[in-house]
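Engineer: Fold the following for me, if possible:
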Amino acid sequence: MSSVILYICSLLLISTCALAQDVDRTMGLILNSNKSLNGYTLFSPSANRTVYLVNNCGELVHSWETDYQPGNAVYLQPDGTLWRAGRVQNQNIHAGGGGGVIEQLDWDSNVLWRFEYSTRNYRAHHDFQVLPNGNVLILAWVLKEEEEVLANGRNPELLPDKELWPEQIIEVKPVGLDQAEIVWEWNSWDHLIQDFDDTKLNYGVVSDHPEKIDINYIRPGVDGADWLHANSIYFDQSRDQIMLSVLFFDEIWVIDHNSTTEEARGKKGDLLYRWGNPQAYKKGTSADQMLFGQHNAYWIPEGLPDARQIMIFNNGRNRSPDEYTSVVKIDPHMIGDEFQFLENGTYSPADFSWEYTATPKESFFSRFISGAQQLSNGNVLITDGAHGRFFEVDEKGETVWEYINPITVFGAAEQGTSLLNPVGDGINTVFRSTKYPFNYQAFVAKDLSPKGFIEIDNTGTNPCFVVLSTEEDLTQKVFPNPAKDLLTVSDYHGRYAIYSLSGLAVSTGYLSNGIHSIDISSLKAGVYLLMLDNQRRIRFIKEN
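Structural biologist: Numbering: from 1, shown residues only. Prediction:
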């Protein structure tokens, strides 16, 4: 949309007026409405060593340079440090999601700590969690060779690779710049059951022991060494429990962290809860399966809407009769600290408490990676990882913000080019994105001024919505209007940015400590947009 049209929209003072999207717009910001959460979105493109932070208008506000390709999760801590999983080569244990290194960076990309956990016998992968005490939970594969696997009751016909990679969780205490002390450990290998051979270890009735892991359960078509393939780990401080998303079992698992390593090897380390596919413990049929190749399972934290429920990105791979993706919440029935069973012997609940699907359902299908995040305003940020697309939906399922990662396997793409490859996935995949509110502690005293677009964009327009509220008289808070030398903002503390009508940031800063005026004397005469906290935009006129 030309600046003339935008000027007309501003003069009309309608509640929302969007800059028209270019017909070929294929990346960067696609949509931003005043219903979206005011914040900054963090993501680490799968084909790139840079981590990006963008504002609601799709503008880069900060980035970190790293030494590794993603391996895969990335988190921004309240203290402003960036924690990231990186990928190193491992010829013995190699599969999708392989990592091997965890690193902590400061705001300026300096390495504060780095720990490599990758050898012939084990490898960190996918995800990790920084604990409140500063320790780190790391998800890893452990290689078990044929003799040990068969001794534990695996059917030899289900062992084509002559080895298995069960899951391990280690808790490490960072030491120095590149060392760590393992202070706790849990291994799925210690909690097996099988009904294949009564002469081997772990023999029992699988359906009578849902707390155990059937060493002979395999999802149809999955019989390789990567037998479980956990893809997310989440720590719940209030209960001192850990949740895993186990892809090849189509289940989520909960285990106890309140134990010693020795206790974790025994009954105290058995599964406390599992949900999504009761066939994995020989209960129910395919009709009872609820999860299909899921990712990013976690308890919604206290203080957020639907706290204590579990949110899951349900990819939908191998869902029948049609594959489609959904985002779901479940509310397990608990009595005290005990998870409860349904009458049929499977874990509760019987169904989702909330589900998001596209219309039609089949129009949204992200077959791998991906995630979803409950936001403080009740919205949900969804990462369509297979296509590098992040979109925020409100409680009605309406899309209120959308951004498409422009970083591909070939580098930054040019606006208007296609980001799809021949099989339907993108060349701009992203494991997961996370949105942090504008007042997140990590952003205090940081420079978050807009630094342009990540994509190569020659359109000269900013597709951000211009929000002009009709419910409150914002002109009483921004005065005088027109203004000549100083523009005053009352009752406001925080970041601001002034944009020309073409979307160029011409002035940025922070209003605090009694400073409520912005020097605009150097601006040329014309119409500008004042942005407050990366969300509200107010039109004002600069006069000579």
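Engineer: What ranges does the protein have for its helices?
Structural biologist: With DSSP state H as the criterion, the chain has helices at 3-12, 146-151, 261-265.
Engineer: Lys200: what's its closest spatial neighbour, skipping adjacent residues?
Structural biologist: Gly153 (4.1 Å; C-beta to C-beta, 6 or more residues apart in numbering). Using the backbone N, CA and C atoms, a C-beta is placed for each residue, glycine as well.
Engineer: list the contacts for that neighbour?
Structural biologist: 192, 194, 196-197, 200-203, 215-216 (C-beta atoms under 8 Å, 6 or more residues apart in numbering).
Engineer: Can you tell me which of these end up in strands?
Structural biologist: Among these, the residues falling in strands (DSSP state E) are Leu192.
Engineer: now the contacts of Gly153 as CSV including pLDDT and neighbour count?
Structural biologist: Converted to CSV, the contacts of Gly153 look like this (pLDDT from 0 to 100; neighbours: other C-beta atoms under 10 Å):
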residue, pLDDT, neighbour count
Leu192, 98, 19
Gln194, 98, 22
Phe196, 98, 17
Asp197, 98, 17
Lys200, 98, 14
Leu201, 98, 14
Asn202, 98, 20
Tyr203, 98, 13
Ile215, 98, 26
Asn216, 98, 18
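Engineer: any chance of the contacts of Gly153 in CSV, plus distance to Pro437?
Structural biologist: Formatted as CSV, the contacts of Gly153 follow (distance: C-beta to C-beta, whole Å):
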residue, distance to Pro437
Leu192, 43
Gln194, 48
Phe196, 51
Asp197, 55
Lys200, 53
Leu201, 50
Asn202, 47
Tyr203, 52
Ile215, 44
Asn216, 46
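Engineer: I'd like to know which of the contacts of Gly153 is nearest to Pro305.
Structural biologist: Set against Pro305, the nearest of these by C-beta to C-beta is Leu192 (38.7 Å).
Engineer: is it true that the closest one touches Asn152?
Structural biologist: Yes. Using C-beta atoms under 8 Å, Leu192 makes contact with Asn152 at a distance of 5.8 Å.
Engineer: okay, and the common contacts of the two?
Structural biologist: What both Leu192 and Asn152 touch, as defined by C-beta under 8 Å, 6+ apart, is the set 201-202, 215.
Engineer: what distance separates stretch 103-117 from the middle of the whole chain?
Structural biologist: Distance of stretch 103-117 from the chain centroid (C-alpha atoms, centre = their mean, to the nearest Å) equals 20 Å.
Engineer: what sits up against it?
Structural biologist: 62, 64-68, 80-84, 86, 88, 100-102, 123-124, 136, 138, 140, 170, 172, 174, 176-180, 446.
Engineer: cool, stretch 479-493 as well?
Structural biologist: Contacts for stretch 479-493 (C-beta under 8 Å, 6+ apart): 475-478, 496, 511-512, 516-521, 530, 532, 540-544.
Engineer: among these, which ones are buried?
Structural biologist: Neighbour-count burial (16 or more other C-beta atoms under 10 Å) applied to the contacts of stretch 479-493 gives 477-478, 496, 511, 516, 518, 520, 530, 532, 540, 542.
Engineer: May I see the buried residues of stretch 314-325?
Structural biologist: 314-317, 319, 323-325.
Engineer: Output it as CSV, nothing but the C-alphas.
Structural biologist: Presented in CSV, the C-alpha positions along stretch 314-325 are these (Å, rounded to 0.1, in the frame of the first residue of the first chain):
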residue,chain,number,x,y,z
ASN,A,314,0.2,-33.2,17.7
ASN,A,315,1.9,-33.4,14.3
GLY,A,316,-0.5,-35.9,12.9
ARG,A,317,1.9,-38.1,11.0
ASN,A,318,0.4,-41.5,10.2
ARG,A,319,-3.0,-40.3,11.4
SER,A,320,-5.7,-42.2,9.5
PRO,A,321,-7.6,-41.7,7.3
ASP,A,322,-6.1,-38.2,6.7
GLU,A,323,-2.9,-36.6,8.0
TYR,A,324,-3.3,-33.2,9.6
THR,A,325,-1.8,-31.3,12.5
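Engineer: Now tell me which helix or strand of this protein has the poorest mean pLDDT.
Structural biologist: Sorting the helices and strands of the chain by mean pLDDT, DSSP states H and E puts helix 3-12 at the bottom, at a mean of 33.
Engineer: what ranges of this protein fall below the confidence cut-off?
Structural biologist: The chain contains residues with pLDDT under 70 at 1-23, 460-463, 465-476, 501-503, 513-515, 534-536.
Engineer: domains for it, by residue range?
Structural biologist: Per the record, the chain has its domains at 20-443, 465-542, by automatic domain parsing.
Engineer: Among these, which comes closest to Asn458?
Structural biologist: Nearest to Asn458, of the domains of the chain and by C-beta to C-beta, is domain 20-443 at 6.8 Å.
Engineer: Check the offset of the closest one from the chain's centre.
Structural biologist: 9 Å.
Engineer: go on, stretch 483-494?
Structural biologist: For stretch 483-494, the distance to the chain centre is 36 Å (C-alpha atoms, centre = their mean).
Engineer: in that stretch, what's buried?
Structural biologist: For stretch 483-494, the neighbour count (16+ other C-beta under 10 Å) marks 483, 487, 489 as buried.
Engineer: roughly how far apart are the second one and Phe479?
Structural biologist: Here Leu487 is placed at a distance of 8 Å from Phe479 (C-beta to C-beta, to the nearest Å).
Engineer: Then the last one?
Structural biologist: Spatial separation of Val489 from Phe479 under the definition C-beta to C-beta is 9 Å.
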